[in-house]
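**Student:** Need a 3D model of the sequence below.
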Amino acid sequence: MRVRANHPQTRINYFVATIRPQYEFLLHSYTESVRINTFFDVALPLGGLFAIPFIGLLLDSLSTLTVLTVLVLTASTIGVLGLIENSTLAAYANILLFVAYRPFYYTVVSDYCAKVFGVATFGKVYGAVICLAGLFNFSQAGLDAITYVLCGGDPRPANLVLLVAAVAIGVALLLFVRARGREARRRLLGDEARMARAESQCLWPEGAGYGSV
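**Tutor:** Down below sits the predicted model:
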């Protein structure tokens, strides 16, 4: 199985680095953007502390496909909220969702790597994922060019690009995991059927019966 972890981390880092200028444009108020930035600075570490127990509960209670679906829906919602202009409510809702999504994303990626590739190779796989994600962070220069050079400081086109990428990559990942899950279930059912036939043959060898001599 492949791990598509590069785009979400780019979105996370880009949002953290540009939250104040984004909301200065979206809310048309420097003072309000500073207030939102201050709230974000406090909510970011606290969000991780409060979200971790619930994240563990989700991972223990739901299937991998369901957890990934929640992750994709959350990322898409954050993208949509980042397009709303002149709404302080949307801004604060976006921040609260983001500070919960950030630890959720990192935990899901590590959990997915451990389940799919095993504990023995977890370090190599997770390290490769983080390395690739770091390389993808160079795309932030392109997002800045879209925002400040092409769009005059409007962050919505860049956010729209990230939203479309999140939906496309997320749906592709969900379809891939779903297909592999079905394939694994078919193999499991086939193995169980073969084991059942083998056990029945051991219990009742061919030619043996109540009327055999």
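**Student:** where are the low-confidence patches of the chain?
**Tutor:** Across the chain, the ranges flagged by pLDDT under 70 are 1-7, 184-185, 188-213.
**Student:** In it, which residue is most central in space?
**Tutor:** Centrality entry for the chain: nearest residue to the mean C-alpha point is residue 71, 4.3 Å, by CA atoms, centre = their mean.
**Student:** how about the helices in the protein?
**Tutor:** 6-27, 30-61, 64-81, 88-117, 122-136, 140-144, 156-203 (DSSP state H).
**Student:** can you give me how far stretch 20-29 is from the chain middle?
**Tutor:** 27 Å (CA atoms, centre = their mean, to the nearest Å).
**Student:** What residues sit buried inside it?
**Tutor:** By neighbour count with 16 or more other CB atoms under 10 Å, stretch 20-29 contains the buried residues 20-27. C-betas here are computed from N, CA, C, even on glycine.
**Student:** Show me what counts as buried in stretch 56-68.
**Tutor:** Within stretch 56-68, the residues scored as buried using 16+ other CB under 10 Å are 58-59, 64, 67-68.
**Student:** In JSON lines, list the residues you listed along with distance to residue 95.
**Tutor:** Formatted as JSON lines, the buried residues of stretch 56-68 follow (distance: CB to CB, whole Å):
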{"residue": "58", "distance to residue 95": "21"}
{"residue": "59", "distance to residue 95": "24"}
{"residue": "64", "distance to residue 95": "28"}
{"residue": "67", "distance to residue 95": "23"}
{"residue": "68", "distance to residue 95": "23"}
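**Student:** for the closest residue to residue 101 other than its chain neighbours, what are its contacts?
**Tutor:** Nearest residue to residue 101, sequence neighbours excluded (CB to CB, 6 or more residues apart in numbering): residue 74, at 4.9 Å. By CB atoms under 8 Å, 6 or more residues apart in numbering, residue 74 lies in contact with 97, 100-101, 104.
**Student:** sorry, back to before: now the helices of the chain in TSV, with distance to residue 150?
**Tutor:** TSV is the format used below for the helices of the chain (distance: least, CB to CB, whole Å):
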stretch	distance to residue 150
helix 6-27	14
helix 30-61	21
helix 64-81	19
helix 88-117	23
helix 122-136	21
helix 140-144	10
helix 156-203	7
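**Student:** how deep is the residue nearest to residue 81 when sequence neighbours are not counted tucked in, by neighbour count?
**Tutor:** Nearest non-adjacent residue to residue 81, counting by CB to CB, 6+ apart: residue 94, 3.8 Å away. Residue 94: 27 surrounding residues under other CB atoms under 10 Å.
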